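1. here is my input, please return the structure:
(2 chains)
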Number of protein chains: 2
Amino acid sequence: MTGRLAIVGLGPGDAQFCAPAADAALAAASDLVGYAAYLARVPTRLDQTRHESDNGAELHRARLALRLAESGRHVAVISGGDPGVFAMASAVFEAVEHGPPTWRALDIEVIPGISAMLAVAARVGAPLGGDFCAISLSDNLKPWPVVLRRLRLAAEAEFIIALYNARSAARPWQLDAALAVLRAHLPAATPVIFASAVTRPEESIRLAKLAEATGQGVDMRCLVLIGSRHTRYIIRADGRAWVYTPRSVPGFPCR
Amino acid sequence: MTGRLAIVGLGPGDAQFCAPAADAALAAASDLVGYAAYLARVPTRLDQTRHESDNGAELHRARLALRLAESGRHVAVISGGDPGVFAMASAVFEAVEHGPPTWRALDIEVIPGISAMLAVAARVGAPLGGDFCAISLSDNLKPWPVVLRRLRLAAEAEFIIALYNARSAARPWQLDAALAVLRAHLPAATPVIFASAVTRPEESIRLAKLAEATGQGVDMRCLVLIGSRHTRYIIRADGRAWVYTPRSVPGFPCR
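-> Reported below is the predicted structural model:
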């Protein structure tokens, strides 16, 4: 048997947002490798071996998956959202680059998924309607001054900003520090969206103005979207709001 | 009958990458509204009315869809990729904001999809492994100097850059101008990926170094990904290459 490795994105949570290609890769796997919270979304099968691990430890998990594939297993590495966006795909290729040459001969496939920022945006309207960026707020993998610099440049570029890994028990202060930096560069009324567990039963979405936005209550499952200066609310007939960013810069094209 | 409107993302092309939620929204529709090339991906049904339009004309298409929904129809507005990323969702909300108050009472749902940059990234490895941004290169909706400024700031921020609407018959020179600006800010060896019709039978992917990258042959269906200074190649056993961006900034964390 020739082994192979699929790095699979499950999407935001609800199976209705998981692509058939991901289901097919899971069905074909002899071994599932992943963080326990993501593995829990995949129904148990007696003929599949499950290799659960803690969050973090991505490189360890990647090497385990590569060794299993090398031994002839059909391995599915599981990510929430899209595996290429602050998830397992990059860790697997990092392990390949620094691993034995045999790993470069493996059949490795990445199955994309609906990343959290897309699912959150869809839930509230169209906040990503203009140019945008995605930044991981974790300073485990880059120095904090680099994060701050990128936030400043993103605000200057008028990007809508999606913050991944916004806050965790081990990183409690970074989100508030990031919001403070953005307050210095963006209007007070800029819409901020705190969205947790989108499409899942425990989904929660909170809208705030940048001036009042705080990281309180935000946890690992939360994605934070910060509008650009062009992002707007539309008040619906029932009093709720849609959030969207117009496709064009105000006043352009000149009519 | 109370009308409703779903703005549906079909994903990159192959039905294996279209979420079941999108299929369900299409199945429930009485009317399909969209650009002809996207409508062509949806099997014809005799009990559904199809409203085809040219590319461009997004606001016209959005208003048609809203009027149909207001009249009680179940409308699906169709986008390739994700409807919230340089596609129809923002146009619909723009039409709502400037339209009659009755449109604010409509049931509008956005069904997210796998956007082109995620599908392209998955095909070549994990180039979006670090912080990244998405920029539309069209100067139909924003002044060209704004595009150039955002490109410069994105390069300075060390974002991987996904270029949407990179080139068309009506906008033949903008991509080369953008690449020239990026050459002034990024290393000559920075990987550039030109990817067309990803996941479809006519898929074509070309890798280049930034120093040699040109827009020649690029058309409307092409997404261009430009790495950051940290994006790397891994040469596979068969001579092909994976492209990935490490999750961490080089030398960090200090071990």
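2. contacts, neighbours, all on C-alpha from now
-> Noted.
3. which ones are touching the residue lying closest to A:Ala87 once chain neighbours are set aside?
-> Nearest non-adjacent residue to A:Ala87, counting by CA to CA, 6 or more residues apart in numbering or on different chains: A:Ser79, 6.2 Å away. Contact analysis of A:Ser79 by CA atoms under 8 Å, 6 or more residues apart in numbering or on different chains lists A:Ile7, A:Val8, A:Gly9, A:Leu10, A:Gly34, A:Tyr35, A:Tyr38, A:Ala87, A:Met88.
4. can you list the residues you listed in CSV and add secondary structure?
-> Shown next, in CSV, are the contacts of A:Ser79 (DSSP: H, G, I helix; E, B strand; the rest coil):
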residue, secondary structure
A:Ile7, strand
A:Val8, strand
A:Gly9, strand
A:Leu10, coil
A:Gly34, strand
A:Tyr35, strand
A:Tyr38, helix
A:Ala87, coil
A:Met88, helix
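5. nearest to chain B among the residues you listed?
-> A:Ala87 (7.7 Å; CA to the nearest CA).
6. helices of the stretch 101-250 of chain A, start to end?
-> Shown for the stretch 101-250 of chain A, the helices assigned by DSSP state H, counting those that start in this stretch span residues A:116-124, A:144-156, A:174-183.
7. which strands or helices does the second one pack on?
-> With contacts defined as 3 or more CA pairs under 8 Å, 6 or more residues apart in numbering or on different chains; DSSP states H and E, the secondary structure elements packing on helix A:144-156 are strand A:132-136, strand A:160-164, helix A:174-183, helix B:144-156.
8. same question for the shortest one.
-> Here helix A:116-124 touches strand A:222-226, strand A:241-244, strand B:107-111, going by 3+ CA pairs under 8 Å, 6+ apart.
9. from the stretch 1-150 of chain A, which residue is nearest to chain B?
-> Closest point on the stretch 1-150 of chain A to chain B, by CA to the nearest CA, is A:Cys133, at 3.8 Å.
10. get me the contact residues on the stretch 151-255 of chain A for chain B.
-> Residues of the stretch 151-255 of chain A lying near chain B by CA under 8 Å from any CA of the partner chain: A:153-154, A:156-158, A:234-238, A:244-249, A:252-253.
11. measure the closest residue in space to A:Asp131 that isn't next to it in sequence to A:Arg229 for me?
-> Once flanking residues are discounted, A:Asp131 sits nearest to B:Ile135: 4.8 Å by CA to CA, 6+ apart. According to CA to CA, to the nearest Å, B:Ile135 stands 16 Å off from A:Arg229.
12. neighbour count winner among those two?
-> In this view B:Ile135 and A:Arg229 are compared by other CA atoms under 10 Å in any protein chain shown, and B:Ile135 has more residues nearby, 22 against 18.
13. where does chain A have low pLDDT?
-> A:1, A:254-255 (pLDDT under 70).
14. and if we set it to 90?
-> A:1-2, A:53-57, A:220, A:248-255 (pLDDT under 90).
15. tally of neighbours for the residue lying closest to A:His230 once chain neighbours are set aside?
-> Nearest residue to A:His230 in three dimensions, chain neighbours excluded: A:Thr245, at 6.0 Å (CA to CA, 6+ apart). Other residues near A:Thr245 come to 27 when the count uses other CA under 10 Å.
16. shouldn't A:Thr245 be in contact with A:Val124?
-> No. Between A:Thr245 and A:Val124 there is no contact under CA atoms under 8 Å: 11.3 Å.
17. surely A:Gly9 is in contact with A:Ala89?
-> No. A:Gly9 is not in contact with A:Ala89 according to CA under 8 Å; the separation is 9.5 Å.
18. more crowded one of the two?
-> Higher neighbour count among A:Gly9 and A:Ala89: A:Ala89, with 38 against 31, using other CA under 10 Å.
19. so which helix or strand takes in that one?
-> helix A:88-98 (DSSP states H and E).
20. how about that helix, does it reach chain B?
-> Yes. Helix A:88-98 reaches chain B (CA under 8 Å from any CA) through A:Ala89, A:Ser90, A:Ala91, A:Phe93, A:Glu94, A:Glu97.
21. so which of those residues wins on neighbours?
-> Result: A:Ala89 is most packed of the residues of helix A:88-98 next to chain B (other CA under 10 Å), 38 neighbours.
22. with that, I have no additional questions.
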